[in-house]
Every structure is written in C-alpha cells, then in structure tokens.
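Undergrad: have a look at this fold, sequence not included:
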C-alpha cells in the first residue's frame, strides 16, 4: 500500500500525473461490443452518439481463438480517423482479460501502447484484492511512460468473487486511477 503522502505520485518516471477527480460525469449507458467482429466495429460510429460509453470487449464473451482479433479490433477502432470526429463526448473503454489469464498482459500492453490516446478506462475483471489494482496501476504507469501518454488511464474493477467483495474498501482505495467498480452478479451467484 502506498503511503498517503505518495498516493498521487506517478508510479513510473515519465508517467502522467494521476487524476485527483474523475474527469467525466456519471454514465447511464455502456454499449459493449465484440471487438473481434468486423460487422460490429463498422457500426461503432453510428452507435457512439447514442451512448455514454463504448466498450471494446476482449474478455469472456470472446472465444480463445478470437482473442488476438479482438485486441486488433480495439486498436483499429482507437486509431480510426472517424474516432475523434464521430465519438464526441462518448467515453471509450475496454474490458481486458483477467490478470491471471494468458491474454491479460498482452491486452493491457496493446491497449496502452496502441490505443492509449483514445482510451479513457480499462475495465479489469475478477479483481480479488488491492494487490490486483496495485499491479495494474504500476503496469499502466510504466506503459503510459513508454507510450508518452499525457493523460492517465483509469481503472474500473469488476468484483466477481466473495474475496473481491470482502476486500471492496481496500480495492476502492488502492489507487487514484479507480474510476469505479461493478459487481458480476452471475459470477457471485
């Protein structure tokens, strides 16, 4: 755990200064789209003005043999020339694979290095304790520094286990990157 005096200190040389307030208003509507599906990606510019958040899903809804295509789809949307003009105030998020999966590290690396300027939030599933947030926080800072990003990416944690629920307060206080959290009701059931 970081000492209070260092809570808002960047965790890597060259990383952007952590935010002190969430930089956007509360959201009402998130549209998850399968980033591996070219047909769905083509509809993103039309969907963007109708939602608060567009979320490129790389996680459980994506079959294992499509994980790399989903990651490439995220990058394609982020680097699209229509992104800046058609997305307006719509936030752009991605839900990566869990930190303990074989795809999580590559998802986060590609998200930051290849889509970081366009992204606002990285949603991390299956968060069980503050250590998961500490790991993601440090990794994001290092990748942001490497990519030369000027704004930090935020973290939205998904709690899907009893352990995650038991550690909710520590998870929420683990980093200034914490944008929010969601509960995975199907997993918790």
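TA: Great, that's in hand. Remember, it's a predicted structure, so these values are computed and weren't measured experimentally.
Undergrad: burial of residue 102, as a residue count?
TA: By other Cβ atoms under 10 Å, the residues close to residue 102 number 10. Heads up, the C-betas are built off the backbone N, CA and C, glycines and all.
Undergrad: which SSE is it in?
TA: Using DSSP states H and E, residue 102 is not contained in any helix or strand.
Undergrad: quick one: pLDDT of residue 83?
TA: We have a pLDDT of 69 for residue 83.
Undergrad: next: residue 189.
TA: At residue 189, the pLDDT value in this model is 73.
Undergrad: buried residues in the lengthiest helix in the chain, which are they?
TA: Criterion DSSP state H: the longest helix present in the chain is helix 130-147. Residues 130, 132-133, 136-137, 139-145, 147 are the ones in helix 130-147 that count as buried (16 or more other Cβ atoms under 10 Å).
Undergrad: now, which of these sits nearest residue 116?
TA: residue 147 (5.0 Å; Cβ to Cβ).
Undergrad: wait, isn't the closest one in contact with residue 116?
TA: Yes: between residue 147 and residue 116 there is a contact under Cβ atoms under 8 Å: 5.0 Å.
Undergrad: going by distance to residue 161, which of the buried residues of helix 130-147 wins?
TA: Nearest to residue 161 out of the buried residues of helix 130-147 is residue 132 (Cβ to Cβ; 11.0 Å).
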